[in-house]
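Participant: Pasting a predicted model and its sequence here:
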Amino acid sequence: MSNQPIGETPGFGPDLVEVFGPSQRDGGPELVQLLTPEGERVHHPDFDRDFSADEVRGFYRDMVLTRRIDTESTALQRHGELGIWAQLLGQEAAQIGAGRALRPQDYVFPTYREHGVAWCRGVDPLKLLGLFRGVDHGSWDPAEHNFGLYTIVIGAQTLHATGYAMGMQRDGVVGTGDPDRDAAVVAHFGDGASSQGDVNEAFIFAASYNAPVVFFCQNNQWAISEPIERQSRIPLYQRALGFGFPGVRVDGNDVLATYTVMQAALQRARDGQGPTFVEAYTYRMGAHTTTDDPTRYRLSDDVEHWKLKDPIARVEVYLKRHGLADADFFAAITAEADALGVRLREGCKAMPDPQPMDMFEHVYAEETDELAAQRAGYAAYLASFEGAHS
Amino acid sequence: MSNQPIGETPGFGPDLVEVFGPSQRDGGPELVQLLTPEGERVHHPDFDRDFSADEVRGFYRDMVLTRRIDTESTALQRHGELGIWAQLLGQEAAQIGAGRALRPQDYVFPTYREHGVAWCRGVDPLKLLGLFRGVDHGSWDPAEHNFGLYTIVIGAQTLHATGYAMGMQRDGVVGTGDPDRDAAVVAHFGDGASSQGDVNEAFIFAASYNAPVVFFCQNNQWAISEPIERQSRIPLYQRALGFGFPGVRVDGNDVLATYTVMQAALQRARDGQGPTFVEAYTYRMGAHTTTDDPTRYRLSDDVEHWKLKDPIARVEVYLKRHGLADADFFAAITAEADALGVRLREGCKAMPDPQPMDMFEHVYAEETDELAAQRAGYAAYLASFEGAHS
Amino acid sequence: MSTTLATQRITLAKGLNMGLRKAMEDDPKVLLMGEDVGKLGGVFRITDGLQKDFGEDRVVDSPLAESGIVGTAVGMALRGYRPVVEIQFDGFVYPAYDQIVCQVAKMSYRSKGRSPMPMVIRIPFGGGIGAVEHHSESPEAQFAHTPGLKVVACSNPVDGYWMIQQAIASDDPVIFLEPKRQYHADKADLDTSVQPAPLFTSRVVRQGSDVTVLAYGPTVKTALKAAEAAAGEGRSLEVIDLRTLSPLDMAPVLESVRRTGRVVVTHEAHVNLGMGAELAARITEHCFYALEAPVLRVGGFDTPYPASRIEEDFLPDLDRVLDAVDRSMGF
Amino acid sequence: MSTTLATQRITLAKGLNMGLRKAMEDDPKVLLMGEDVGKLGGVFRITDGLQKDFGEDRVVDSPLAESGIVGTAVGMALRGYRPVVEIQFDGFVYPAYDQIVCQVAKMSYRSKGRSPMPMVIRIPFGGGIGAVEHHSESPEAQFAHTPGLKVVACSNPVDGYWMIQQAIASDDPVIFLEPKRQYHADKADLDTSVQPAPLFTSRVVRQGSDVTVLAYGPTVKTALKAAEAAAGEGRSLEVIDLRTLSPLDMAPVLESVRRTGRVVVTHEAHVNLGMGAELAARITEHCFYALEAPVLRVGGFDTPYPASRIEEDFLPDLDRVLDAVDRSMGF
Ligand SMILES: Cc1ncc(C[n+]2csc(CCOP(=O)(O)OP(=O)(O)O)c2C)c(N)n1
Ligand SMILES: Cc1ncc(C[n+]2csc(CCOP(=O)(O)OP(=O)(O)O)c2C)c(N)n1
Ligand SMILES: [Mg+2]
Ligand SMILES: [Mg+2]
């Protein structure tokens, strides 16, 4: 019964298909694309831009290194060095496009999968592993990178992003016209997250206060085992229209398009034009996390179909076809990726374990006597064993 | 800063004003109206219908009696007989239109203000007072009237409505084509409620399962002291479009239009076509509740402006102008209202107080021993005083 | 008591309003958020006049969504602001519960202290105002159970004035409970020149020797009335206004119990797993040999909050406190 | 133990899965709702195979919104269904907290019993699985504090099979806690021909005479191990699996305490205002003169759940239980 057709509805306006267009497996006609899966450069009436060879090579490098971080971390999990790992395989273009469109003064609120964005924010990839290794709940300093800690409770960070953007408004760093001053926030979330009350409330607050926040949804088609159709029966970016701000669907496997759209959306926010919803239409090529088994719920056909749209391969083809990168370039990046892999492997294994007593740190900015007493009690308890063993 | 203009947004489609039309104090051009404030019958391309004199007189009677329930209850609060009262003054047409469009097998989830809908569902108005008098949390049997108890936590009931509708789907009472069998649910809520996560999640669930639920929002322009602009910068009914189902704005002060639109929306739901959002554009003529002081936050000008759109007056003019009701008719209704008033006053004062020991009833379907012991302890404690006083 | 120039007679509502105003004057990063806190001044008028004087950017009427309010306040705090959130009534804090216990409470811990959460969440709590459902709840135990939050309750106008400022000045998130029944009830003299006690301390508000009565928020008044009545019967009750619920300030409590050997705890929250449970457990652990009787609890019964016509039977009152005192003495 | 025809060796996960299946077979009104409960069978596979056999209308994959899941389940229950909701992990129950405490818990009361809420909310709870933040919480005290809810915790495969069926058959809403660390840990023999104990009863799982150890869910195993170890040192621990947290079944507890005079309570939830507080308060009230030592509590510390590499230090273990036993004996 949940699959009843959405039919004609006389009196209530046109059929949904007329309004929103047919739901298309490949993103539909509304998809903003600048580089096809075949590596062909195409143009778009609203979002377009010239890219220098350097820029494209830069994107390529970012994506390759991000993928290496991902595959290396997946391997580390398989070898028992990480408890779990949230893979981004297939989402490199979405993340590098979004990450590179940022200015230093912008601020990012990630989910648990934004390893590519972290890379763009200068977070040492080793620091991403702390959480997944069980060493801590977040290793980097958000203020140092303007990149918040990973948030696991689905959607919670979209409200933080909106509040942070409201803070920026109050700090007078929105709409001044000074490019080094004007700032915006990116709220990351997934297709599944779009169903959470918090995310929809974030839309409402952002619209109500016209806050400088870009809602960047990586629609990777899956929320663990649930397909996007469970969360929305129309293209997700259109959700924004109902809240009174623009939404756009971009090919999330196309780094050029994602970059261009995000740059425009961020500029809009920095200029004081308010929120935008950007849906990066992509695909989760791997499992939800290393503990997931997607063969239980999706067809390998689908995965094969999306392999043809690989975000890195198309840039490689483009660079090669236009002679913008030679074998040395590719070799250098492979070497860099290999080195990064080694650094990750060794760094992960060398990561010091937390100490039991660390458990009591930072519960409060101003520790309470009662917690201090609990800490002291446990320290004494632990010491009693040392005595026993000595 | 929260009032920054919503400007042109190149690349992100047309200006909001172009998409949604100018925000208009009187509901804008999209407003479905069949009876003007001046009592003139107008027509609408999508929603129209002939009304018999009987029907219009019936609406008139319902509205007058509903208003009397309201004014009488307000007076009872002023006299200390009720702790508080949530007034519906000005919203009679919205509620009678919505209430009369129901079939017996439909089910309604109200807020705390649906006194007119309760009237249509056959709930004895006296039973509405229990809650406000502090006698209980809800006096009627929901199953007897297919009318849920009043819900005070904003928006919570919209999810219950959606779940109930999902239950109807499972019971096979949707889309069978049998008019006595097919059923739908109405979820009532206010403009303020539209900001709650729960309400937006209800939209998502209803859309995802194509549940037979009509979301009926009485946009009375205010959530206590907050104007509708704080909750949405575009007309509320358009919220639905972003969730993939139709929305329509109807003149909530026009009982004919509200009835017609609701009938169509309910039929759509019963037929298995899924959810609809109906925004009844109206105005809260009174205070939020009897404890509120609206002079602190809104202009009496506004109230005066809306007085001209009184939902009852326009029907009266219409009936008189077309000779559809004579002085006897009006006199009879006044007498009926007076009698109802007397019944409410007397019934309210005669309402038995709950007994202290009632506090322990119905916490559980199967009482626990520990609560039984607490009950017994308190009974003994109370008895010890009786002993002392005897 | 002589009224000096610095002294004013104020209600709790006024004390809170003045305290908020002072905090906003002292620190431009302080801002208020909530439903109807602007023009209306809040349904209880605690923020009366503040939007007029500090503007819409610092006294922010929020959309009707508690999770959104607390969640955006988290973002504001991360940006360096000190948001003070008003929850309109106790029963409406629950939509924000996730943000409070998973985000507000854990942000300092998660970030190793890099992202403290200097936020105050004000909650008018408790019953006795003849309200409809959800307007008379006492949710404190649920917050006190959550590490990372601090929880305090004021009971009188002077504390209202000082404690709200201290809570705002705290770098930790504070759940700030205000006994709504007391907002406009009694007046007290506020002398702003007198240094207040630290925020996270309890206070002996009446000395006595037979039984220690522990209370906070709305039940402090009840306890004091009980002590007055007991005195008439020759019984001496020591009353402690706990003020802080997490952390608990056990020192004055234990000191008192060691003298009296008997304790009655009273709060409006349900007895089962209410603050009284924790106090009973700790007192018994620390004063095992000093206790002459078990810690007795007088609280709201373990039923949902009833219809208001019988709420005074649900709520602890003078007689029930005295009854517990009797039972304690009878042990 | 002889294995009869009716007997199977099962894990807790299997017991729950079989129990759910049986409940669905017995009553067509029973349906399952939650994230990933369908094709995937839940992230812990507790609902494995059920959608395939009972269809998408009875095993419902929900949009990713916990409040929505519980809120629509309320509507389903009002329509006469018996929804069984799966919350994916303990830490994700909070978005649904408002619906649970204000709607699910209060519906019977509000409606004077006309609208009971026969709903089960299954929550995999507790730590020790090496997970990231929010995946190892123990939220039971917060629910037990809420009148209108019943709260139970299973600790072993056989109880899993029976208790889930009993919870579903109950006309009251039941928060059903499943120790996730145990899902696939130990096997036990299920003999479906043996009549189970009533749902809301505690059980002495090991008899002893020196100290009573109270546990539930994941700590039952810890307590039994501690008892085993203590026996080696000549100390006799009585272990009670509480099973029901609200209501509490105090009779077997009090009976035991009257014999032993000493109690240790252990749970993974934070000590402060955890179940141990309520048990300590009640036991002390009812067995004041029988107690030789105060009730001692061994729980999760009053910090947020730490990074998993040190979680075993946060969680109560055999040694900490034994240490408390020592302290109790030393009083
Ligand atoms: C509030 C909450 N509920 C459930 C979960 C468990 N969970 C973790 S990831 C996930 C799916 C998220 O899907 P989506 O938003 O599409 O993001 P993706 O993982 O695909 O990047 C779920 C259900 C959670 N972390 N938080
Ligand atoms: C969750 C929650 N938050 C706050 C309140 C307090 N409150 C009661 S009515 C109301 C305004 C509701 O406005 P709207 O939805 O427009 O309905 P109206 O009262 O105008 O009919 C508020 C904030 C509440 N009842 N529930
Ligand atoms: Mg996804
Ligand atoms: Mg309104």
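Facilitator: Noted; the coordinates are in hand. This structure is a prediction, so every number in the text was calculated from the model and none was measured. Residues are numbered from 1 along each chain as shown, chains lettered A, B, ... in the order given. Ligands and ions are numbered 1, 2, ... in the order given.
Participant: name the element residue A:278 belongs to?
Facilitator: strand A:276-281 (DSSP states H and E).
Participant: isn't residue C:275 right next to residue C:268, touching?
Facilitator: No. Applying C-beta atoms under 8 Å as the test, residue C:275 and residue C:268 come out as separate, 10.2 Å apart. Using the backbone N, CA and C atoms, a C-beta is placed for each residue, glycine as well.
Participant: Show me the strands in the stretch 1-150 of chain C, by range?
Facilitator: C:7-10, C:30-34, C:59-61, C:82-86, C:120-125, C:150-153 (DSSP state E, counting those that start in this stretch).
Participant: which is the next helix or strand following the strand holding residue A:278?
Facilitator: Strand A:276-281 is succeeded, C-terminally, by helix A:300-307 (DSSP H and E).
Participant: can you pull the pLDDT of the one residue in the stretch 201-331 of chain C that gets nearest to ligand 4?
Facilitator: Distance from ligand 4 to each residue of the stretch 201-331 of chain C (C-beta to the ion) is smallest for residue C:308, at 24.3 Å. At residue C:308, the model reports a pLDDT of 98.
Participant: Check the gap between it and chain D for me.
Facilitator: 14 Å (C-beta to the nearest C-beta, to the nearest Å).
Participant: Nearest residue to that residue in space, please, no chain neighbours.
Facilitator: residue B:134 (3.4 Å; C-beta to C-beta, 6 or more residues apart in numbering or on different chains).
Participant: count of residues packed around that neighbour?
Facilitator: Using other C-beta atoms under 10 Å in any protein chain shown, residue B:134 has 22 neighbouring residues.
Participant: Surely it is in contact with residue B:81?
Facilitator: No. Counting by C-beta under 8 Å, residue B:134 sits too far from residue B:81 to count as a contact (10.4 Å).
Participant: What helix or strand is residue A:335 located in?
Facilitator: Residue A:335 belongs to helix A:327-350, assigned by DSSP H and E.
Participant: Quick check: which helices or strands does that helix pack against?
Facilitator: With contacts taken as 3 or more C-beta pairs under 8 Å, 6 or more residues apart in numbering or on different chains; DSSP states H and E, helix A:327-350 sits against helix A:53-78, helix A:125-133.
Participant: Which stretch among those helices approaches ligand 3 most closely?
Facilitator: It's helix A:53-78; of the helices and strands packed on helix A:327-350, that one is closest to ligand 3 (C-beta to the ion) at 15.6 Å.
Participant: For the helix or strand that that closest one is followed by, list every residue counted as buried.
Facilitator: If you walk from helix A:53-78 toward the C-terminus, the next helix or strand you reach (DSSP H and E) is helix A:92-100. Neighbour counts over helix A:92-100 (16 or more other C-beta atoms under 10 Å in any protein chain shown) mark A:92-100 as buried.
Participant: what's the weakest-modelled helix or strand in chain A?
Facilitator: Lowest on mean pLDDT, DSSP states H and E among the helices and strands of chain A sits helix A:16-20, with a mean of 50.
Participant: can you tell me the residue of the stretch 1-150 of chain A closest to chain D?
Facilitator: residue A:134 (3.4 Å; C-beta to the nearest C-beta).
Participant: low-confidence ranges in chain A?
Facilitator: Scanning chain A for pLDDT under 70 picks out A:1-11, A:13-25, A:387-390.
Participant: nope, the stretch 201-331 of chain C is what I meant
Facilitator: For the stretch 201-331 of chain C (pLDDT under 70), the answer is none.
Participant: By residue count, which strand of chain C is the longest?
Facilitator: strand C:263-270 (DSSP state E).
Participant: for whatever helix or strand comes next after that strand, which positions count as buried?
Facilitator: Later in the chain than strand C:263-270, the nearest helix or strand by DSSP H and E is helix C:275-286. Neighbour-count burial for helix C:275-286, counted by 16+ other C-beta under 10 Å, picks out C:275-285.
Participant: Now for those residues: which two are most distant?
Facilitator: Using C-beta to C-beta, the pair of the buried residues of helix C:275-286 lying farthest apart is C:275 and C:285, separated by 15.7 Å.
Participant: re earlier: quick check, nearest of the buried residues of helix A:92-100 to residue D:64?
Facilitator: residue A:94 (19.2 Å).
Participant: My read is that the closest one contacts residue A:283, right?
Facilitator: No. Look at residue A:94 against residue A:283 with C-beta under 8 Å: they stay out of range, at 9.9 Å.
Participant: Give me the common contacts of those two.
Facilitator: residue A:253 (C-beta atoms under 8 Å, 6 or more residues apart in numbering or on different chains).
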